[in-house]
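Here is a sequence together with a model predicted from it:
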Amino acid sequence: MLKTKSSVFFRRLKLYGFGVGLGLLLTFVFFRDRYPTWLPGSRVLEDINRTEMSYSPRAICLMECGDISKEGVQEILDDGDVDFSASDVRAKPCPSYIIEGETKDGQSLRVIILKCDSTSTVLHAIDFSRNYECSCD
């Protein structure tokens with residue numbers, strides 16, 4: 001049986017596809033729970049978590065009103081997603097970041113952080129999956 005160029009090509013393509021698929025599967029199995037630290041969002045969260053954390057009076061009021069714990073905020077700061085399009089990353093001297101995510105308790109939180117050199121301040125923390133009225137000014 002003669003092998004044509006196209007049959008040889010398709011055989012190689014199938015082998016290549018099998019190898020790529022196997023590699024993707026193994027990568028997913030071994031690295032499922034880890035995020036690469038070189039991504040911008042991961043680097044921002046890492047920088048925020050390295051600094052001393054404080055809470056503004058307004059953030060404390062909003063957290064009490066919305067029944068949000070500091071542990072819930074910390075969960076978002078550990079595993080949340082940074083919304084760079086809504087954040088003010090070029091503000092001087094301290095950029096602000098909007099970080100969103102869901103806690104283990106099922107709260108969908110949005111946290112606004114003011115990141116300075118040695119401190120990070122939580123300016124705002126709300127559960128945007130619920131509607132509630134707070135008089136925090």
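Perfect, I can see it now.

so where do the helices sit in this structure?
In the chain, the segments counted as helices under DSSP state H are 5-31, 40-50, 57-65, 70-79.

Select, out of these, the one closest to Val122.
Across these, Val122 has its closest neighbour in helix 57-65 (4.5 Å, Cβ to Cβ). In this view, the C-beta of every residue, glycine as well, is placed from N, C-alpha and C.

Contacts for the closest one, please.
Identification of contacts with helix 57-65 by Cβ atoms under 8 Å, 6 or more residues apart in numbering yields 55, 68-70, 73, 121-126, 132, 134, 136-137.

For that helix, list every residue counted as buried.
58-59, 61-63 (16 or more other Cβ atoms under 10 Å).

could you dump the residues you listed to JSON lines with distance to Val29?
Formatted as JSON lines, these follow (distance: Cβ to Cβ, whole Å):
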{"residue": "Arg58", "distance to Val29": "44"}
{"residue": "Ala59", "distance to Val29": "39"}
{"residue": "Cys61", "distance to Val29": "45"}
{"residue": "Leu62", "distance to Val29": "40"}
{"residue": "Met63", "distance to Val29": "38"}
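
among the contacts of helix 57-65, who's most crowded?
Each of those was scored for neighbours by other Cβ atoms under 10 Å, and Ala125 scores highest at 27 neighbours.

Which pLDDT value does the model give Ser7?
For Ser7, the pLDDT comes out at 84.

okay, now it: neighbour count?
11.

repeat for the one 10 residues further on
Neighbourhood size, Gly17 [other Cβ under 10 Å]: 10.

residues touching it, list them.
Gly17 neighbours (Cβ under 8 Å, 6+ apart): none.

per-residue pLDDT, it?
Gly17 is given a pLDDT of 95.
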